[in-house]
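Enquirer: what's the 3D shape of this:
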Amino acid sequence: MEFSGRRKVSTHLNIAPLIDVVFLLLIFFMLSSHFVTQPGIKLTLPTAVTGKLHLEEDIIIFITRDSNLYLNEEEISLKELLDKLRVKVGKAKKKTVIIKADEKIDLGLAVRVMDIAKQAEVEGLIISTKAEEDVGEQGK
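Expert: Purely as a prediction, here's the structure:
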């Protein structure tokens, strides 16, 4: 009996499919990072047909359904709002305040917050809404 020499087993590893998978994961995470929503404060914004998309600035006042106020995600009382808002407006380049209020809040509270914003010498006041087309998709 004649034995032939050992056969060499080829251990060549092709990493091209691995690179493809890593590249696709990288693209997925880069694209999905732009769709991250603002955490923390739950609001149901009112709708408006004439609403326009506006890039968010540094100064945002949130008014929740429970009439809680937040200045840039920091809970604040109505009495403290004027002083803290003046500090923020003084530091900001654009002196515009965005009010994001739940659609079920008391109108009087919203008017008081707008009045305080004007007392803090803001140049612009934006009331945040969601587009009418977003409502149709949620109602389905």
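
Enquirer: Need the contact partners of stretch 59-77.
Expert: Defining contact as CB atoms under 8 Å, 6 or more residues apart in numbering, one finds that stretch 59-77 is touched by 40-44, 58, 78, 81, 84-85, 88-89, 92, 96-102, 104-106, 109-110, 113, 117, 122. C-betas here are computed from N, CA, C, even on glycine.

Enquirer: where along the protein do the helices fall?
Expert: With helices called from DSSP state H, the chain shows them at 16-32, 78-91, 107-119, 132-139.

Enquirer: quick one: buried residues of the second one?
Expert: Meaning helix 78-91. Using 16 or more other CB atoms under 10 Å as the test for burial, helix 78-91 gives 81, 85, 88-89.

Enquirer: what helices or strands is it leaning on?
Expert: Packed against helix 78-91, as judged by 3 or more CB pairs under 8 Å, 6 or more residues apart in numbering; DSSP states H and E, are the following elements: strand 69-71, helix 107-119.

Enquirer: which sections of this protein are below the confidence cut-off?
Expert: By pLDDT under 70, the weakly predicted segments of the chain are 1-5, 34-43, 51-58, 132-140.
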